[in-house]
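*Asks:* Pasting a predicted model and its sequence here:
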Amino acid sequence: MIRILINQLGYDSEDTKKAILQATNGERPAEDTFTIIEELTEEVVYQGTLIPADPVARWNQGDFYVMRFSDFQPGKGQNFGHFYKIRVRTDAGMAESSPFQIYGNVLEYTTLSSVMYYFKSQRVTGEYEKIDRCLKFKGPREGTVDLHGGWNDATGDIGVHLTHQTVSGFFNVQQGNLAVFTFYKLIELIEQSSWQYYAIFNRRILDEAAYGANWLMRRRAPSGSFFKAGPLRLPDAYELSEVTRKCGFEYKNTIGADRRPIPQEQWAITDESYEASLRGGGGYAVAALAMAARYPYASQEYSSQEYLDAARESFLYLEENNEKYTKDGKWNLMDEYCALEACVELYRTSREFGFMRRARTYADKIIGHYIGKTERSGYLSHDETDRPFFSPAEEGAPVMALLHYAEIEKEAPRRERAIDTAEKVMRFLLEMTNRVSNPFGYAREYTQDKEGRRKEQFFFPHNSDDAPWWQGENARILSLAAAARLLMGVTKDAELAGELQGFADDQVAWVLGLNPYDSCMMINRGRHNPEYFFRYQYDFIGVPCGIVNGITSAFDDDEGIEYIASPLDDPQVDDNWRWAEEWLPHAIWYLHAVGLKKR
């Protein structure tokens, strides 16, 4: 079989552009050139060279030939354009891609609004909203709380969360709180871009952001923290909502300061078990509320001063009490970048120097995690050790926090130090990504498993400290695309900027179909979307323009590759959530990555 893999939703005119010829079963291209034709006239408009790639790890997905056409830039400055096809002559005949568009801002114009509607479709309404207005606590905490609002977390999880994956304390994922933060960021990015045809779209983003800000205000706990988990809808998806839908908790005293597990009989449930640390959702919730104070909108339920006061009070409380809420009673890099984003937004809104001073403190802490591997590149450690920071969903977040801080810092040496650290971290990522055969340009990662073994690899390890949990990592690669695009705008290293652009384009293209499975992972767009099934049933149906978890390494081989998109792919799998479930963080980071394109 021969097929031509493309970004199925198109290429912006000034993007880096490539397609890949995939040949299995011994087929070969008959010549080393490819052509691009205009679909309707079949006129040849471009010709380029096929570049063969070495085998990729143990993927066993055939032979790959890269076709680059970045210098083909029709439709610049337009929001419409022609459709094109790629043709390659092979020993079995002429291979042809499906049609694709190239014009000015095709991805922004055709996907941003659609992904925003995905969020609107995930608002919590109906029977769930009714329960959430007077929600009981799971476990011993008494009383009820009004937590209505927010967005359903995933196709198979209609719970509402600030964070997830807190088992080890290494992989907390920001969720609904990050959505609100991102909506306000998207408004700022669109305003900076001068895209005039987004004037009405901005009003809809404001509406979704205001909905989220109202929800975050309700999630504030009497202590000053935020309720982090729930309303829940697990573990039995078919049980009555009145039974399962509760405000959840997380046991305390499960991990000691030495990182060793504590016996279960010593675990405890306290009021803090229900509430968030900075890494557990509090940092980005504070940042989002501070941003809400700058954007009054008709559907906001509070005044600008009330949003700002809530953000201030919650931040100052969590700054002083964060250790009470963390898994191991310590701060780590995640707490610090979440705190930095909070301080940056509190400063932008209030212009109080105390928040600038705190921002400097947290930026210095993040920079202190830097560990050099070469003279010009290195990684960030997760904690006081040299354990590498890696994440299944937000690996780009600490770089972005440093760069957001650099935007407000008035002292040039401090600003340049933050940017320099971001450059070194992203250089290491690029070096790692390019160190092996990698025709798709997929972002590789420096990992550590629960035995302490470190490795550079393509996908999130199955034997991590959060095992047996693992899944596709579209959010991770999109967060890195966002970090790359943000850094492109400030680096003075022209060569690095060019590499970052190609890297960012590669991550977005992978999600939108330029991958070995020819699958667009934005549902109801492109082709070969995965089908999410649960016990071979389809009770949990995805909604248009949500983004699924994505591709992973193989079940028994971190150097392999796996994508269960249908029951036909592996009859032994009766729930393909690891690959095919839509999840908020993927769509959140897509908005951020694409919103940064034409800054």
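*Replies:* Structure received.
*Asks:* can we go C-alpha only for contacts and neighbour counts from here?
*Replies:* Will do.
*Asks:* tell me which residues in stretch 314-322 are buried?
*Replies:* For stretch 314-322, the neighbour count (16 or more other C-alpha atoms under 10 Å) marks 314-315, 318, 321-322 as buried.
*Asks:* do stretch 449-468 as well
*Replies:* For stretch 449-468, the buried set under the neighbour-count rule, 16+ other C-alpha under 10 Å, comprises 449, 457-462, 464-466.
*Asks:* what distance separates that stretch from the centre of its chain?
*Replies:* Taking C-alpha atoms, centre = their mean, to the nearest Å, one finds the center of stretch 449-468 at 19 Å from the center of the full chain.
*Asks:* Put the alpha carbons of it into PDB.
*Replies:* The C-alpha coordinates for stretch 449-468 follow below in PDB (Å, rounded to 0.1, in the frame of the first residue of the first chain):
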ATOM      1  CA  ASP A 449      10.400   5.500  34.900                       C
ATOM      2  CA  LYS A 450       9.500   4.400  38.400                       C
ATOM      3  CA  GLU A 451      12.700   2.400  38.700                       C
ATOM      4  CA  GLY A 452      14.700   5.600  38.100                       C
ATOM      5  CA  ARG A 453      15.800   4.700  34.600                       C
ATOM      6  CA  ARG A 454      16.100   7.600  32.200                       C
ATOM      7  CA  LYS A 455      15.600   7.500  28.400                       C
ATOM      8  CA  GLU A 456      15.000   9.600  25.400                       C
ATOM      9  CA  GLN A 457      11.900   8.300  23.600                       C
ATOM     10  CA  PHE A 458       8.900   9.100  21.400                       C
ATOM     11  CA  PHE A 459       6.000   8.600  23.700                       C
ATOM     12  CA  PHE A 460       5.000   8.800  27.400                       C
ATOM     13  CA  PRO A 461       6.400   5.700  29.200                       C
ATOM     14  CA  HIS A 462       4.100   2.900  30.300                       C
ATOM     15  CA  ASN A 463       6.200   2.300  33.400                       C
ATOM     16  CA  SER A 464       6.000   5.900  34.800                       C
ATOM     17  CA  ASP A 465       5.400   6.700  38.500                       C
ATOM     18  CA  ASP A 466       1.700   6.900  37.500                       C
ATOM     19  CA  ALA A 467       1.500   3.400  36.000                       C
ATOM     20  CA  PRO A 468      -0.700   1.700  34.900                       C
END
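*Asks:* buried residues in the host helix or strand of residue 217?
*Replies:* Per DSSP states H and E: residue 217 is located in helix 199-218. Residues 202, 204-218 are the ones in helix 199-218 that count as buried (16+ other C-alpha under 10 Å).
*Asks:* Identify, from these, the entry nearest to residue 256.
*Replies:* Within those, proximity to residue 256 (C-alpha to C-alpha) peaks at residue 216, which comes in at 30.7 Å.
*Asks:* What sits closest to that closest one if chain neighbours are left out?
*Replies:* Residue nearest to residue 216 in three dimensions, not counting chain neighbours: residue 285, with 6.7 Å by C-alpha to C-alpha, 6 or more residues apart in numbering.
*Asks:* how many other residues sit next to that neighbour?
*Replies:* 36 (other C-alpha atoms under 10 Å).
*Asks:* re the thing from before, and the buried residues of stretch 449-468 as a markdown table, adding secondary structure and pLDDT?
*Replies:* What follows is the buried residues of stretch 449-468, written out as a markdown table (DSSP: H, G, I helix; E, B strand; the rest coil; pLDDT from 0 to 100):
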| residue | secondary structure | pLDDT |
| --- | --- | --- |
| 449 | coil | 94 |
| 457 | strand | 97 |
| 458 | coil | 97 |
| 459 | coil | 97 |
| 460 | coil | 96 |
| 461 | coil | 95 |
| 462 | coil | 95 |
| 464 | coil | 92 |
| 465 | coil | 88 |
| 466 | coil | 89 |
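*Asks:* Next up, the contacts around the closest residue to residue 518 other than its chain neighbours.
*Replies:* Once flanking residues are discounted, residue 518 sits nearest to residue 5: 5.9 Å by C-alpha to C-alpha, 6+ apart. Each residue near residue 5 by C-alpha atoms under 8 Å, 6 or more residues apart in numbering is listed here: 19-22, 97, 513-516, 518.
*Asks:* Of those, which is the most crowded?
*Replies:* Neighbour-wise, these (other C-alpha under 10 Å) top out at residue 21, 28 neighbours.
*Asks:* list the contacts for it?
*Replies:* Neighbours of residue 21 in contact, by C-alpha under 8 Å, 6+ apart: 2-5, 63-67.
*Asks:* what helix or strand does the closest residue to it other than its chain neighbours sit in?
*Replies:* Excluding its sequence neighbours, the residue lying closest to residue 21 (C-alpha to C-alpha, 6+ apart) is residue 4, at 4.6 Å. In this assignment (DSSP H and E), residue 4 forms part of strand 2-5.
*Asks:* Okay, now the sheet partners of that strand, with direction.
*Replies:* Here strand 2-5 is paired, per DSSP bridges, with strand 18-23 (antiparallel).
*Asks:* ok, residues contacting the helix or strand following the partner strand?
*Replies:* On the C-terminal side of strand 18-23, the closest following helix or strand by DSSP H and E is strand 33-38. Strand 33-38 has contacts (C-alpha under 8 Å, 6+ apart) with 43-50, 67, 82-89.
*Asks:* Could you tell me how far the strand holding residue 4 lies from the centre of the chain?
*Replies:* 27 Å.
*Asks:* Stretch 502-520 now?
*Replies:* 14 Å.
*Asks:* So what would you say the end-to-end distance of that stretch is?
*Replies:* Stretch 502-520 has an end-to-end distance of 19 Å (C-alpha to C-alpha, to the nearest Å).
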